[in-house]
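1. sequence plus the predicted model coming up.
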Amino acid sequence: MSDAQRRIDDGAPGEQPSTGGADGSDSDSDSGNDEFEPVQVFPEAEEMDLRPGADNCYKCSTCDTNCPVAEVDDEFPGPKFQGPEQWRLKRQDDHDIDDSVMKCSNCMRCDSACPSSVPLSQMHNTARAEYVEENMSKFSREYLRNRLLANYRRLAPLASMFPRTANVVMGLSVTKWLGEKTLGITSEREFPEFATETFREWWTDRGGAKVENEDKRIAYFHGCYSNYNTSEVAKALVRVYEHFGYEVMVPEQSCSGTPMFANGMLEDARRAAETNVRELAAAIEDGAAVIASCSSCSMSIRQEYPELFDFEDTETVAANTWDAVEYLRVHEDLTGALEDTAVGDEFDELAYHAPCHSRNQGLDGQTIEVMDAIDGIDAQDVGDSCSGISGTYGWKAENYETSMKIGEEMFEHMDAAEAETGLTECPTCSMQMEHGTGYEIKHTLEVLEAALGGDRAESGAGSGSNADAGTTTATESN
Ligand code: SF4
Ligand code: SF4
């Protein structure tokens with residue numbers, strides 16, 4: 001469970017309760033993590049100093065044994081070296097950051113594995129940023145490629161202007177070949193397709209929220225992928241929340257910063273986070289809780305923002321941000337609402353993979369519990385292994401083989417599940433699941449929408465009793 005998951009902060013609307021662990025367990029506000037906040041030992045220094053945190057490491061190597069990259073790549077020195085040992089070296093003689101930090105996928109599994117709450121991912125993110133700034137040539141192919149991958153939000157709007165053409169061009173073998181030869185983006189994977197209508201276009205055409213309810217408001221952080229690629233996931237979130245009588249707000253937003261952290265582009269991430277914190281704080285001020293449909297987006301806002309940035313309201317936004325299913329589990333009788341519901345054949349047998357970033361937030365058990373409440377669904381958890389793609393990591397040609405080796409266990413368990421549809425809450429895990437097994441992959445919200453009757457919710461005739469709590473302002477047929 002992340003620090004953000006544990007954080008308790010009285011008074012703000014929609015905020016996570018002290019019992020807000022997704023598994024229903026008590027949160028522990030006195031957990032030792034708070035003691036290990038980075039300490040600025042040189043107050044006049046502008047940069048964060050993580051070296052004192054390194055002293056909390058007692059070299060048990062638990063982080064190393066939980067690192068999926070170290071498990072399959074003998075040359076990767078592992079999180080203990082990347083984190084505390086590097087910072088100790090820096091204390092001695094301002095040692096250069098080792099280039100192996102770029103081989104860390106930022107899965108953050110080491111963070112939750114460490115029994116001494118060493119701020120490993122904070123150390124890795126800071127070290128990567130320092131390495132990129134000081135040691136990586138800004139004219140190198142690696143830098144240009146990483147900058148492109150980290151700034152998907154800048155490229156996606158261009159492709160979304162002509163989505164059908166973009167999909168054809170991106171699917172050509174010659175495009176993939178060129179991508180590998182010129183930029184080092186693997187040609188083994190299929191580029192994700194762009195939606196013919198972005199979520200925000202749909203939202204505008206629809207006329208915005210169909211439910212007004214000042215007592216139940218959410219601000220939806222859809223992120224880049226649900227806007228430009230899987231808009232059906234974002235639409236499902238809107239319909240599911242409106243079914244429960246929530247007024248959905250869709251604030252201005254930037255990338256969560258996840259791919260920027262993973263590529264050492266900390267200044268890019270800072271700019272994106274500044275926009276997000278400002279806009280989401282305003283929504284919280286209006287009584288909304290922040291809801292994310294992507295597990296990496298919620299992870300970023302809850303944990304990485306407070307660890308790395310100190311904008312006004314960073315902590316408030318982190319404390320009021322939730323995963324989409326988690327929020328409904330805590331604030332609504334979700335399993336009760338799902339009783340006696342059923343879904344079509346499309347969803348009857350599901351192989352579920354909990355993304356590492358859900359696992360880190362303590363949310364790895366909730367999807368199976370929720371699926372079990374729906375009649376006729378047989379959902380199997382395929383285990384706790386990493387999918388191996390970790391955002392942009394598995395898109396880099398030099399990481400492709402490692403990424404697939406990491407994913408092998410998940411692929412085998414999916415095959416053994418003998419389902420036809422995979423289920424997850426992370427967009428890049430879904431790419432890896434599809435790539436490794438050929439399964440069609442869905443988001444949990446799409447199953448909930450099917451079970452709760454998205455169209456009925458859309459027209460204001462939601463079957464859940466909570467739908468009556470809000471004022472339905474319009475109907476639509478799409
Ligand atoms: S798990 Fe924590 S205490 Fe153990 S070696 Fe890794 S950083 Fe150090
Ligand atoms: S974030 Fe993941 S890949 Fe990176 S060191 Fe930690 S466990 Fe290994």
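-> In hand now; what should we look at? Note that the coordinates shown come from a computational prediction; the quantities given were computed from them, not determined experimentally. Ligands and ions are numbered 1, 2, ... in the order given.
2. next, the contact list for the residue nearest to E440 when sequence neighbours are not counted, please.
-> Spatial nearest neighbour of E440, excluding adjacent residues (C-beta to C-beta, 6 or more residues apart in numbering): T421 at 5.3 Å. Just so you know, the C-beta spots here come from the backbone N, C-alpha and C atoms, and that holds for glycine as well. Counting by C-beta atoms under 8 Å, 6 or more residues apart in numbering, T421 makes contact with 346-347, 349-351, 439-442.
3. between those, which is closest to ligand 2?
-> Nearest to ligand 2 out of those is I441 (C-beta to the nearest ligand atom; 22.1 Å).
4. what's the neighbour count on the closest one?
-> Residues near I441, counting by other C-beta atoms under 10 Å, number 23.
5. burial count for whichever residue of the stretch 351-478 of the chain sits closest to ligand 1?
-> Proximity of the stretch 351-478 of the chain to ligand 1 (C-beta to the nearest ligand atom) peaks at N360, 14.3 Å away. By the criterion of other C-beta under 10 Å, N360 has 26 neighbours.
6. and the pLDDT for it?
-> pLDDT, N360: 93.
7. gap between the nearest residue to E197 once chain neighbours are set aside and ligand 1?
-> Once flanking residues are discounted, E197 sits nearest to S231: 6.5 Å by C-beta to C-beta, 6+ apart. Between S231 and ligand 1 the computed distance is 40 Å (C-beta to the nearest ligand atom, to the nearest Å).
8. returning to that earlier point: which of the contacts of T421 ranks first by neighbour count?
-> For the contacts of T421, neighbours tallied by other C-beta under 10 Å; top is L350, 29 neighbours.
9. in a strand, that's where it is, yeah?
-> Yes - counting by DSSP: H, G, I helix; E, B strand; the rest coil, L350 falls inside a strand.
10. now do the nearest residue in space to it that is not next to it in sequence, the pLDDT please.
-> Counting by C-beta to C-beta, 6+ apart, L350 lies nearest to A379, which is 4.2 Å off, once chain neighbours are set aside. The predicted structure scores A379 at 95 on the pLDDT scale.
11. wait, A379 touches T424, no?
-> No - counting by C-beta atoms under 8 Å, no contact exists between A379 and T424, whose distance comes to 11.5 Å.
12. tell me which of the two has more neighbours.
-> T424 (27 against 23).
13. now the more buried one, nearest residue through space, not along the chain?
-> H353 (4.7 Å).
14. measure that neighbour to F76 for me?
-> H353 is 23 Å from F76, where distance means C-beta to C-beta, to the nearest Å.
15. neighbour count winner among the two?
-> Taking neighbours as other C-beta under 10 Å, H353 and F76 compare with H353 leading, 29 against 21.
16. just say helix, strand or coil for the residue nearest to L350.
-> Applying three-state DSSP: A379 is strand.
17. list the contacts for the residue most central in space within the chain?
-> Centroid-nearest residue in the chain, with C-alpha atoms, centre = their mean: S296, separated by 1.2 Å. Going by C-beta under 8 Å, 6+ apart, S296 touches 256, 258, 355, 357, 391, 426, 428.
18. centre of the chain to the strand or helix carrying the last one, how far?
-> Under DSSP states H and E, the secondary-structure element containing T428 is helix 427-437. On the basis of C-alpha atoms, centre = their mean, to the nearest Å, helix 427-437 is displaced by 15 Å from the centre of the chain it belongs to.
19. contact partners of that helix?
-> Outside helix 427-437, the residues touching it (C-beta under 8 Å, 6+ apart) are 189-190, 192, 225-226, 229-230, 294, 296, 353, 355, 387-392, 394, 403-404, 407-408, 410-411, 414-415, 422, 424, 439-441, 443.
20. just the mean pLDDT for that helix, thanks.
-> Per-residue pLDDT over helix 427-437 has a mean of 97.
21. tell me if that helix is near ligand 2.
-> No - using C-beta under 6 Å from any ligand atom, helix 427-437 never reaches ligand 2; the gap is at least 13.9 Å.
22. give me the helices and strands touching the next helix-or-strand element following that helix, please.
-> Once the chain leaves helix 427-437, the next helix or strand it forms, by DSSP H and E, is strand 440-443. For strand 440-443, the elements it packs on are strand 421-424, helix 427-437, judged by 3 or more C-beta pairs under 8 Å, 6 or more residues apart in numbering; DSSP states H and E.
23. between these, which gets nearest to A129?
-> A129 lies closest to helix 427-437 among those, at 21.2 Å (C-beta to C-beta).
24. residues from the chain in reach of ligand 1?
-> Within the chain, the positions adjacent to ligand 1 are 57-63, 80, 83-84, 113-114, 116, 118, 120 by C-beta under 6 Å from any ligand atom.
25. nothing else from me, thank you.
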